[in-house]
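Colleague: kindly return the folded structure for what I paste below:
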Amino acid sequence: MRFLVLLAALSSIAAKPVTVYIGPATKDGFVSTENKVMDSVQEIREAFTKELRKSPGFVLVGMEEKADVKVYVQRSTSFSTSTGYVGGVTTIGSTTFGYVSKPVISWNTLDAEIQVGVHAQHVYASDAGWKNLAKRLSKDIAVWLIANREPIAKHAKMRQDLLSILCELPSNVDKIECGK
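Modeller: Numbers count the residues shown, from 1 in each chain. Below you'll find the predicted structure:
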């Protein structure tokens, strides 16, 4: 009987939410400060915050060190292309006009990487509009996180346990943020 009471009590305790950081990619310790990347990071954070309302158990954090899951925006590109010439004839009254034009198609892409420990998952989105692009990428990130909630939670728990152990060692208290 005591076991069932203990089990019920433990299951009623809310698990610590998984923390997620979204930021620019770094290379050799240098942060990408390209305007498109930094703007995309902000738009993805805003869109991701809205996605998180639909899936409790994940919290967006502003500091990379406090995150169980890290999302790095690697590249934000925009390109235009033309598909060839389009022509036609228009008649207005008794006058005929001919025209030739070269339509231009614009497209935007975002590349990001989700990291959980040593595991890395690449996500990619493309769209004609920047706001739709951030929403689309945020939704893809949220879907991946939800689908992988169990292994992510296990990783987060191991990470938290390791930090707790390291914080108990006197030599590491200054080096690690232990929440003391």
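
Colleague: going forward, measure contacts between C-alpha atoms and count neighbours the same way
Modeller: Will do.

Colleague: my read is residue 110 is in a strand, agree?
Modeller: Yes. Under DSSP: H, G, I helix; E, B strand; the rest coil, residue 110 falls within a strand.

Colleague: check it and give its pLDDT.
Modeller: pLDDT recorded at residue 110 is 80.

Colleague: and it, bridged to which residues?
Modeller: Residue 110 has these beta-bridge partners by DSSP bridges: residue 76, residue 125.

Colleague: and if you look at residue 95?
Modeller: residue 92.

Colleague: give the buried residues for the longest helix anywhere in the chain.
Modeller: Secondary structure assigned by DSSP state H gives helix 149-168 as the longest helix of the chain. Within helix 149-168, the residues scored as buried using 16 or more other C-alpha atoms under 10 Å are 152, 153, 155, 156, 157, 166, 167.

Colleague: what's the distance between residue 120 and residue 138?
Modeller: In this view, residue 120 and residue 138 are 16 Å apart by C-alpha to C-alpha, to the nearest Å.

Colleague: sketch out the helices for the protein, chain order is fine.
Modeller: 2-12, 35-52, 130-147, 149-168.

Colleague: between residue 120 and residue 138, which one's more packed in?
Modeller: More neighbours surround residue 138 than the other of residue 120 and residue 138, with 24 against 13 (other C-alpha atoms under 10 Å).

Colleague: nearest spatial neighbour of the more buried one, chain-adjacent residues omitted?
Modeller: With sequence-adjacent residues excluded and distances taken as C-alpha to C-alpha, 6 or more residues apart in numbering, residue 138 is closest to residue 48, at 4.9 Å.
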